[in-house]
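[1] kindly return the folded structure for what I paste below:
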Amino acid sequence: MSEVHIHKHEVKGKNLVLSILLNVIITIAQIVGGIVSGSLALISDALHNFSDVLSLVFSLVAHKLSRKKASIENTFGYKRAELIAAFVNASTLVIVACILIYGAVERFFNPHPIESNLVIWLAILGIVVNGLSVLFLKKDAEHNINMKSAYLHLLTDMLASVAVLVGGLLMKYFGWFWVDSVMTILIAIYLIIVGTKLLVTSTKMLMLFTPDTINIKEIVREVHKIKGVQKLHHIHVWHLNDEELHLEAHLDCSEDITMSEFNILLDKVEQVLFKKFHINHINIQPEYKKVDPKDFIVQD
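    You can find the predicted model right below:
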């Protein structure tokens, strides 16, 4: 398998550690505050924060595992651990959202008086803490799906705290205690939207689906322009993780060339695949008039 080396963004695990510590603090504060004030929105925000802590810990473990070197027993190392973390984190977002909606609907028809001042101050604390955590992970989230899942947990929690703050102000100045339930439902709906999107993305990667950015027919057209290529077939393209895009295929040569000549042809194919499609891991099986299916996609 040939590999075209590219510069990789170095994800910083220490940012996750800082975010974990900050979220432990806000989770404890919001649980206590939610019980004292009687605010379901605050407790639901704390529940979301607790899921953040678990997801961040899981993301940190996955991040550490992904950096472990490959071995005879694990030829790819643990690079796909971060995809599993992203999948689990996205799933928890959706599950937590469903729990929140159930509780909010029940509370909506049975509203309780709420200590709005405590809700307001703890919501502000949540905004500050989660805002800092979001800033810590923003750059890493642009390059890594595991970090993106952790980032989304924190971003949605910051927005949830904003919603709780608005609800707290409305309860304080207008006595609208039903707003607590409405804000909880809005938070939950947003969680379902962002969680489902990430869940679909991580599932596609785990299932080795062709990336959305890749057009197999376009790959074939470009490779077929190279002199010496008869047909590219038996094609598979998949993400090992966010950084590594793999392709394996059979390459039917137009002439019966030597291995050294094939190496030259292979180099041309690799350059096209890397420059035009950003595929940096390539495994090509050379052929010449071999009798086998020549379809682009073949069920192996």
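
[2] how about stretch 292-300 as CSV, C-alpha atoms only?
    Presented in CSV, the C-alpha positions along stretch 292-300 are these (Å, rounded to 0.1, in the frame of the first residue of the first chain):
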residue,chain,number,x,y,z
ASP,A,292,-12.0,-11.4,-14.1
PRO,A,293,-14.9,-8.9,-13.7
LYS,A,294,-13.9,-5.5,-15.0
ASP,A,295,-16.7,-3.5,-13.4
PHE,A,296,-15.7,-0.4,-11.4
ILE,A,297,-17.5,-1.8,-8.3
VAL,A,298,-17.4,-5.6,-7.8
GLN,A,299,-18.9,-7.5,-4.9
ASP,A,300,-15.8,-9.3,-3.6
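
[3] now what about it, what contacts it?
    216-217, 220, 231-235, 250, 252 (Cβ atoms under 8 Å, 6 or more residues apart in numbering). The way it works is simple: take the backbone N, C-alpha and C, and place the C-beta from them, glycine included.

[4] now do the buried residues in that stretch.
    Within stretch 292-300, no residue qualifies as buried by neighbour count (16 or more other Cβ atoms under 10 Å).

[5] among the contacts of stretch 292-300, which are located in helices?
    The members of those that map onto helices under DSSP state H are 216-217, 220.

[6] dump the residues you listed to JSON lines, plus pLDDT.
    As requested, these are exported to JSON lines (pLDDT from 0 to 100):
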{"residue": "216", "pLDDT": "96"}
{"residue": "217", "pLDDT": "96"}
{"residue": "220", "pLDDT": "97"}
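
[7] just the buried subset of the residues you listed, please.
    The neighbour-count criterion (16+ other Cβ under 10 Å) marks 216, 220 among the ones in helices among the contacts of stretch 292-300 as buried.

[8] same list, the ones in helices among the contacts of stretch 292-300, but as CSV with distance to residue 202 please.
    As requested, the ones in helices among the contacts of stretch 292-300 are exported to CSV (distance: Cβ to Cβ, whole Å):
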residue, distance to residue 202
216, 22
217, 26
220, 28
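
[9] good, we can wrap up now.
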